[in-house]
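K.L.:
Kindly return the folded structure for what I paste below:
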Amino acid sequence: MNWALSIDRKNITDVRIAEATTRPLAEGEARLSVDSFALTANNITYAAFGDAMRYWDFFPGDDGRCRLPVWGFAEIAESRVDGLTVGERIYGYFPAASELIVSPGKVTPAGFVDTSEHRAELAPAYNNYVRCAADPGWSSRGEAAQMVLQPLFITAWLLDFFLRDPDNGLTEAPVLLTSASSKTAIALAFALKAGGGRQAIGLTSKGNADFVSGLGLYDSVATYDALDALAPSAPAVIVDFAGDADLNRKLHEGLAGQLAANIRVGGAHWEQSAPPRDLPPPKPQFFFAPDAARTLIKQWGPEAFDQRYKAAWRKFADAAPDYFDFRSEAGSDGALATYRALLDGKARPRDGFSIKV
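P.N.:
Coordinates of the predicted model:
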């Protein structure tokens, strides 16, 4: 069956499997048969901010509902594009579904860009597709780590540079990481520890406290019911992966005068993600990774950016088995069950889920 996760735009708990229609290809199109994709709390953030950040615009559903963006691997099942061969393995941004039709442009030995009209004004970073045979960092054994962690790691890596940029005035600020058990928070803690010299405090639930402490990446760990004990060594920056309005209020009120910034990244606590009103300063600011990437690419040049990023990614990928267990679920039923488990907060933080389509 050609299927897709179908989600209501205004209620992300309203999810079901839809049987998707297929159509003949037009000249200049290719059909990608999705082989596997990751599902993490990052995908719940995509859903929670689907309208605000235009994530819902990438893969419109033919049933009038939304398709969840995911990172994963596919094979070219059919091609009407010069230079793209049936059977090639592709890495990139897909719907949580069994296929995607793309309009490849800028085709090179390394990859291509989907030039579909509806994606033209969306963030370019999500429109690039990699031809695995030409990627020196790709291996079949490393696919699970790549699709589960690489999209999260680049956000964390960019955040690390943002926090170390003297122009932002945060180079000495201790970092408070909410939802410290989330994979993006763990990746940032890894980058902060590798950089050395700054205090990283993980904020998490009681149930995840032992896991977070056992990572060895945070200088200290505090649970959400014990925030009164927080004592950063200097005015701190919140890096908010939880997106929880009540938690933000408690932090801003409890640390009034001791906060240098609040950087909002994710929405792991999606049901509490409406921005709180009348917060004591500083005003939260949203961090959008593609914008940060464009800034560094302009500053360093594409080749230097790619080299520095890939060197950092290899270090994190090598360490990943110390922090995560990679698990695969099967088909549409596995995708639906995993999405619901992530939505309900029932997935173990150590688990890195992928779906074998």
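K.L.:
start to end distance for stretch 43-52?
P.N.:
Its start and end residues considered, stretch 43-52 measures 14 Å (C-alpha to C-alpha, to the nearest Å).
K.L.:
Now it: buried residues?
P.N.:
The neighbour-count check on stretch 43-52 (16 or more other C-beta atoms under 10 Å) flags 43-50 as buried. C-beta: built from backbone N, CA, C; applies to glycine.
K.L.:
what's next to it, contact-wise?
P.N.:
Contact partners of stretch 43-52, identified using C-beta atoms under 8 Å, 6 or more residues apart in numbering, comprise 7, 9, 12, 53, 55-56, 66, 68-70, 96, 243, 266-268, 270, 273, 339, 342-343.
K.L.:
chain center to that stretch, what's the gap?
P.N.:
Centre-to-centre, stretch 43-52 and its host chain are 10 Å apart (C-alpha atoms, centre = their mean, to the nearest Å).
K.L.:
For that stretch, give the mean pLDDT please.
P.N.:
Average pLDDT, stretch 43-52: 89.
K.L.:
Going by residue numbers, what spans are helices in the protein?
P.N.:
Ranges of helices in the chain, per DSSP state H, are 41-48, 143-164, 183-195, 206-214, 245-254, 289-300, 302-319, 331-343.
K.L.:
JSON lines please, covering these and showing distance to Asn2.
P.N.:
What follows is these, written out as JSON lines (distance: least, C-beta to C-beta, whole Å):
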{"stretch": "helix 41-48", "distance to Asn2": "21"}
{"stretch": "helix 143-164", "distance to Asn2": "21"}
{"stretch": "helix 183-195", "distance to Asn2": "30"}
{"stretch": "helix 206-214", "distance to Asn2": "37"}
{"stretch": "helix 245-254", "distance to Asn2": "39"}
{"stretch": "helix 289-300", "distance to Asn2": "30"}
{"stretch": "helix 302-319", "distance to Asn2": "33"}
{"stretch": "helix 331-343", "distance to Asn2": "10"}
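K.L.:
now for those helices, which one comes closest to Asp35?
P.N.:
Relative to Asp35, the nearest member of the helices of the chain by C-beta to C-beta is helix 143-164, separated by 9.1 Å.
K.L.:
Output the contacting helices and strands for that closest one.
P.N.:
Counting contacts by 3 or more C-beta pairs under 8 Å, 6 or more residues apart in numbering; DSSP states H and E, helix 143-164 packs against strand 30-39, strand 69-79, helix 183-195, strand 236-240, helix 289-300, helix 302-319, strand 325-330, strand 351-356.
K.L.:
Comparing the ones you listed, which comes out most buried?
P.N.:
Of all the helices and strands packed on helix 143-164, strand 236-240 has the most neighbours on average by mean count of other C-beta atoms under 10 Å, namely a mean of 26.
K.L.:
ok, that one: who's next to it in the sheet?
P.N.:
strand 175-177 (parallel), strand 259-264 (parallel) (DSSP bridges).
K.L.:
What average pLDDT does the longest one get?
P.N.:
Meaning strand 259-264. 94.
K.L.:
now it: how far from the chain's centre is it?
P.N.:
Strand 259-264 sits 20 Å away from the centroid of its parent chain (C-alpha atoms, centre = their mean).
K.L.:
could I get the helices and strands packed on helix 143-164 as a markdown table with mean pLDDT and distance to Gly214?
P.N.:
Shown next, in a markdown table, are the helices and strands packed on helix 143-164 (pLDDT from 0 to 100; distance: least, C-beta to C-beta, whole Å):
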| stretch | mean pLDDT | distance to Gly214 |
| --- | --- | --- |
| strand 30-39 | 98 | 23 |
| strand 69-79 | 98 | 27 |
| helix 183-195 | 95 | 11 |
| strand 236-240 | 95 | 21 |
| helix 289-300 | 91 | 28 |
| helix 302-319 | 93 | 14 |
| strand 325-330 | 95 | 14 |
| strand 351-356 | 96 | 15 |
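K.L.:
Let me have these in JSON lines, extended by distance to Ala133.
P.N.:
JSON lines is the format used below for the helices and strands packed on helix 143-164 (distance: least, C-beta to C-beta, whole Å):
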{"stretch": "strand 30-39", "distance to Ala133": "15"}
{"stretch": "strand 69-79", "distance to Ala133": "11"}
{"stretch": "helix 183-195", "distance to Ala133": "27"}
{"stretch": "strand 236-240", "distance to Ala133": "37"}
{"stretch": "helix 289-300", "distance to Ala133": "25"}
{"stretch": "helix 302-319", "distance to Ala133": "17"}
{"stretch": "strand 325-330", "distance to Ala133": "23"}
{"stretch": "strand 351-356", "distance to Ala133": "21"}
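K.L.:
burial of the nearest residue to Thr178 once chain neighbours are set aside, as a residue count?
P.N.:
Excluding the flanking residues, the one nearest Thr178 by C-beta to C-beta, 6 or more residues apart in numbering is Ala242, at 4.0 Å. Neighbours of Ala242 under the rule other C-beta atoms under 10 Å: 29.
K.L.:
Ala242 against Ser179, yeah?
P.N.:
Yes - between Ala242 and Ser179 there is a contact under C-beta atoms under 8 Å: 4.0 Å.
K.L.:
what's next to stretch 159-177, contact-wise?
P.N.:
If you take C-beta under 8 Å, 6+ apart as the criterion, stretch 159-177 is touched by 185, 188-189, 191-192, 195, 198-203, 218, 230, 232-239, 241, 251, 260-261, 263, 265, 287, 292, 296.
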